[in-house]
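Asker: fold the following.
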Amino acid sequence: MQLSVIIVNYNVKYFLQQCLFSVEKAINNIDAEVIVIDNNSSDDSMNYLKPKFAWVKFIENNENKGFGKANNIALKEAKGKYILFLNPDTIVPEDCFIKCIQFLEDNKDCGALGIKMNDGKGNFLPESKRSFPSPMTSFFKLVGLAYLFPKSKLFNKYALGYLDENKNHEVDVLAGAFIMTRKELIDKINGFDEIFFMYGEDVDLSFRIQQEGYKNYYFSESSIIHFKGESTKRGSLNYVKMFYEAMSIFVTKHYKGNSATLFATTIKIAIWLRALLTIVKSLFTRLSLAIIDSIVIYLCIWLVKKLWIIYVRGGAEFQQDIVSTITPVYVFVYLIAAALAGMYDNLYKPVKALAASLVAIVVGLAVYSLLPETLRFSRGVILFGGIVSSVMMILYRWILKGLDFIKETDEIKKMQQTIIVGSNEDYTKALSLMHNLQLKERVLGRVSINGNTSNSVGNINNLKMIIDTFKIREIIFCVNNFSYKQIIELIQSLPKKLSFKFYSSESNTIISSDSKTSSGEILSSVHNYSIIKPYQKRMKRFTDILSSSIILITFPIHLIFIKNGFKAIKNAFNVLIANNTWIGYGTESNKLPNIKIGIVAHYSSFLKNNLSVSKDVLKNMDFLYAKDYDWLQDVKYIIENYRRLGS
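Answerer: Numbering: from 1, shown residues only. So this is what the prediction gives:
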């Protein structure tokens, strides 16, 4: 057998499915086998994939054994002359494996081969080629200097940024997402070192291959898509921690004496700096718009106050300091209303800014009316200050939207922004899925992949012109009758502002990833759950906090009226600190979005008469609850189940 492809899966069944579709085409003319080893996924991966890929050998672990150990288990079953370790969140072109095998055949000194990788938007992934870590290269990477100076031989030696990504190179380290090597060699060095759980095992393997007298090569004559972000959010503190631990293991294993001590100390300093930068960046990203809003409100009310003094009061100053009294209340109410409305999801919707401003104005005037006469100043300043600040909110967000810092959310303005590239049959199926997901209005039409342009907006050869003419933002590629190689090449050549998605009629699922630092997107009829939408998640939590607070503040009343009143108070505390939610599922299911365990099931009020209902019916009710979730229903269920909140 010529080739064994080994893929480790952990909770990415839809990405793996698309990967296997591409692998199936790539091994079409090769004597090859594909082994998928599952690390105890909780997303029902095996039951979903096994019936669809009878030609794949599946191995199931009863626990998550980590990347290296899982690969070694599969390696013992592999029979190919060459071994390919491949990530599940990748897509390979049809001629990829043939070209890689030929390179290994022609270069006997090649111990292992990596490949040119691009993310889901077509951007080159610099980790496709790397050097071995040293104190300085690791420090520059962790503190971000490698990112700021990507072509620098000094600052970005770790990713070899100064080497041409479009040429083959001898390199030190290959990425674990795609490593092709010789079975004889990988058996000789006993595969991956299982001391590494995730990250670092590819560095260690590359090091040991060189110790055997072989070279590692970066191969640029073919390229793959690596969606990334599917195993770990690479911008997170967890990633930083795992990377540090992996590098520490590598240093302890391969460096001795003073160099090892220096290396470990340098990485430890860098890890704290990177952690600090990650926290600051996260806080700024989450709070930046709220901070700007607060500043805008203060400035607007201050300006209105000054103009009011000049043109209404004839220059007479207020006795009270309006900016330091009522303005903080106004800002606080506005921020709460804006957050609940979803204004801080980095999205643009003017009506939400107006609604938040209206709430803040009403509350501000109400608070003003409660103030004693000695502290009152002017309702007009509050009213007009609120109106001016709301206009400014809309204006500066409109500017940020134009600069692409925040996104459009109004469905009307998202119409005719998407094109589907594929055959007429695949287009019809993809459009049906978009319709089920209530996204059909976004689709402008089909782009033909052959000469038949009927029922289309144009041909694939005119794709760039179609994008410019119709201001396209999103392209869905139907992969069934389309070359993966052509899709990958197209993505690399098209503008990076576009979003690319992949649809297969066999899975009736659309996958994509617009960022290497976060999880990819899955559009599927089984993923269209309202309960995971940001607004509904936020309002569910707000409902829990508000209702729990009311119960805790007024607890003597509830001790009388709620069965097991003391337990209800304890439940309220657990809901308040997010250990539980008031309303939850009634059955266990790995297929539904994860929420906190509910104090009462959403269907409890329907089953007051102790009706005998099968477990399948209850699961269907849970599915409908998640799919059609609305936070107002939770309010209704809490009221209906009031006496049972101590259960």
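
Asker: rest of the way, CA atoms for contacts and neighbours
Answerer: Noted.

Asker: which intervals of the stretch 301-450 of the chain have sub-threshold pLDDT?
Answerer: Across the stretch 301-450 of the chain, residues meeting the criterion (pLDDT under 70) sit at 319-325, 345-348, 373-376, 402-416, 438.

Asker: how about the helices in it?
Answerer: Using DSSP state H, counting those that start in this stretch, the helices found in the stretch 301-450 of the chain span residues 322-341, 350-370, 379-402, 424-436.

Asker: partners of residue 443 in the sheet?
Answerer: residue 418 (DSSP bridges).

Asker: now for the helices of the stretch 301-450 of the chain, which one comes closest to residue 137?
Answerer: Closest to residue 137 of the helices of the stretch 301-450 of the chain, according to CA to CA: helix 379-402, at 35.6 Å.

Asker: all strands of the stretch 151-300 of the chain, in order?
Answerer: Secondary structure of the stretch 151-300 of the chain (DSSP state E, counting those that start in this stretch): strands at 169-171, 178-182, 215-226.

Asker: select, out of these, the one closest to residue 99.
Answerer: Ranking the strands of the stretch 151-300 of the chain by their distance to residue 99 (criterion: CA to CA) puts strand 215-226 first, at 7.4 Å.

Asker: who does the closest one pair up with?
Answerer: Applying DSSP bridges, strand 215-226 is found paired with strand 90-91 (antiparallel), strand 110-118 (parallel), strand 169-171 (antiparallel).

Asker: what mean pLDDT does the very next helix or strand once past the shortest one get?
Answerer: Looking back up the chat, that one is strand 90-91. Following strand 90-91 in sequence order, the next helix or strand is helix 96-106 (DSSP states H and E). Taken as a whole, helix 96-106 carries a mean pLDDT of 96.

Asker: CA-only coordinates of helix 96-106, as CSV, when you get a sec.
Answerer: Extracted C-alpha coordinates of helix 96-106, given in CSV (Å, rounded to 0.1, in the frame of the first residue of the first chain):
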residue,chain,number,x,y,z
CYS,A,96,-2.0,17.1,-3.4
PHE,A,97,-1.1,13.6,-2.3
ILE,A,98,0.4,12.5,-5.7
LYS,A,99,2.6,15.6,-5.8
CYS,A,100,3.8,15.1,-2.2
ILE,A,101,4.6,11.4,-2.7
GLN,A,102,6.5,12.3,-5.9
PHE,A,103,8.6,14.8,-4.0
LEU,A,104,9.4,12.2,-1.3
GLU,A,105,10.4,9.7,-4.0
ASP,A,106,12.6,12.3,-5.8
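
Asker: show me what it is packed against.
Answerer: Contacts defined by 3 or more CA pairs under 8 Å, 6 or more residues apart in numbering; DSSP states H and E place helix 96-106 against helix 13-26, strand 110-118, strand 215-226.

Asker: now those in JSON lines, with mean pLDDT, mean neighbour count and distance to residue 310?
Answerer: Below are these laid out as JSON lines (pLDDT from 0 to 100; neighbours: other CA atoms under 10 Å; distance: least, CA to CA, whole Å):
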{"stretch": "helix 13-26", "mean pLDDT": "93", "mean neighbour count": "21", "distance to residue 310": "64"}
{"stretch": "strand 110-118", "mean pLDDT": "95", "mean neighbour count": "25", "distance to residue 310": "60"}
{"stretch": "strand 215-226", "mean pLDDT": "95", "mean neighbour count": "22", "distance to residue 310": "62"}
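
Asker: dump the ones you listed to JSON lines, plus distance to residue 84.
Answerer: Compiled in JSON lines, these are given as follows (distance: least, CA to CA, whole Å):
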{"stretch": "helix 13-26", "distance to residue 84": "11"}
{"stretch": "strand 110-118", "distance to residue 84": "9"}
{"stretch": "strand 215-226", "distance to residue 84": "14"}
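
Asker: figure out which of those is closest to residue 129.
Answerer: Proximity to residue 129 (CA to CA) singles out strand 215-226 among the helices and strands packed on helix 96-106, at 6.1 Å.

Asker: rewinding a little: among the helices of the stretch 301-450 of the chain, which is nearest residue 210?
Answerer: Taking CA to CA, helix 424-436 is the member of these nearest to residue 210, at 47.0 Å.

Asker: coming back round to it: need the helices of the stretch 301-450 of the chain in a markdown table (columns: mean neighbour count and distance to residue 58).
Answerer: A markdown table is the format used below for those (neighbours: other CA atoms under 10 Å; distance: least, CA to CA, whole Å):
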| stretch | mean neighbour count | distance to residue 58 |
| --- | --- | --- |
| helix 322-341 | 18 | 45 |
| helix 350-370 | 18 | 49 |
| helix 379-402 | 18 | 47 |
| helix 424-436 | 18 | 29 |
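
Asker: mind putting those into JSON lines with distance to residue 531?
Answerer: What follows is those, written out as JSON lines (distance: least, CA to CA, whole Å):
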{"stretch": "helix 322-341", "distance to residue 531": "15"}
{"stretch": "helix 350-370", "distance to residue 531": "20"}
{"stretch": "helix 379-402", "distance to residue 531": "27"}
{"stretch": "helix 424-436", "distance to residue 531": "17"}
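
Asker: so which of the ones you listed is nearest residue 191?
Answerer: Proximity to residue 191 (CA to CA) singles out helix 424-436 among these, at 41.8 Å.

Asker: coming back round to it: reformat the strands paired with strand 215-226 as TSV; add distance to residue 291.
Answerer: Shown next, in TSV, are those (distance: least, CA to CA, whole Å):
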stretch	distance to residue 291
strand 90-91	39
strand 110-118	35
strand 169-171	46
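
Asker: to residue 543, which of these lies closest?
Answerer: The nearest among these, by CA to CA, is strand 90-91 at 40.3 Å.

Asker: now that closest one: average pLDDT?
Answerer: 94.

Asker: tell me which residues are up against that strand.
Answerer: 15-16, 18-19, 22-23, 177, 224-227, 484 (CA atoms under 8 Å, 6 or more residues apart in numbering).

Asker: and residue 627, how far is that from residue 592?
Answerer: Going from residue 627 to residue 592 by CA to CA, to the nearest Å gives 9 Å.

Asker: ok, now residue 287?
Answerer: Residue 287 is 30 Å from residue 592, by CA to CA.

Asker: which residues of the stretch 451-600 of the chain fall in helices?
Answerer: Secondary structure of the stretch 451-600 of the chain (DSSP H, counting those that start in this stretch): helices located at 463-470, 484-493, 534-553, 555-561, 565-576.

Asker: which residues does the longest one contact?
Answerer: Read it as helix 534-553. Helix 534-553 is touched from outside by 340-342, 345, 530-531, 558, 569, 572-573, 575-576, 581-582, 629-631, 634-635, with contacts defined as CA under 8 Å, 6+ apart.

Asker: again, only using 7 Å
Answerer: Residues outside helix 534-553 that contact it (CA atoms under 7 Å, 6 or more residues apart in numbering): 340-342, 530-531, 569, 572-573, 575-576, 581-582, 630-631.

Asker: with the last one instead?
Answerer: Residues from elsewhere that reach helix 565-576, judged by CA under 7 Å, 6+ apart: 544-545, 548, 551-552, 555, 558-559, 580-582, 645-646.

Asker: repeat that for the fourth one.
Answerer: Residues lying outside helix 555-561 but in contact with it, judged by CA under 7 Å, 6+ apart, are 565-566, 569, 643.

Asker: for stretch 305-322, buried residues please.
Answerer: 305-306, 308-309, 322 (16 or more other CA atoms under 10 Å).

Asker: dump that stretch to CSV, restricted to CA.
Answerer: This file holds the C-alpha atoms of stretch 305-322, laid out as CSV (Å, rounded to 0.1, in the frame of the first residue of the first chain):
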residue,chain,number,x,y,z
LYS,A,305,-25.6,72.2,28.8
LYS,A,306,-23.2,74.9,27.5
LEU,A,307,-25.5,75.8,24.6
TRP,A,308,-28.5,75.8,26.9
ILE,A,309,-26.8,78.2,29.3
ILE,A,310,-25.8,80.5,26.4
TYR,A,311,-29.1,80.5,24.3
VAL,A,312,-31.8,79.6,26.8
ARG,A,313,-30.6,80.9,30.2
GLY,A,314,-28.8,84.0,28.8
GLY,A,315,-25.5,83.0,30.2
ALA,A,316,-26.7,82.1,33.7
GLU,A,317,-24.9,79.0,35.1
PHE,A,318,-26.8,76.1,36.7
GLN,A,319,-26.3,75.9,40.5
GLN,A,320,-26.0,72.2,40.2
ASP,A,321,-23.3,70.2,38.3
ILE,A,322,-25.5,68.3,35.8
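
Asker: all good on my end, thank you.
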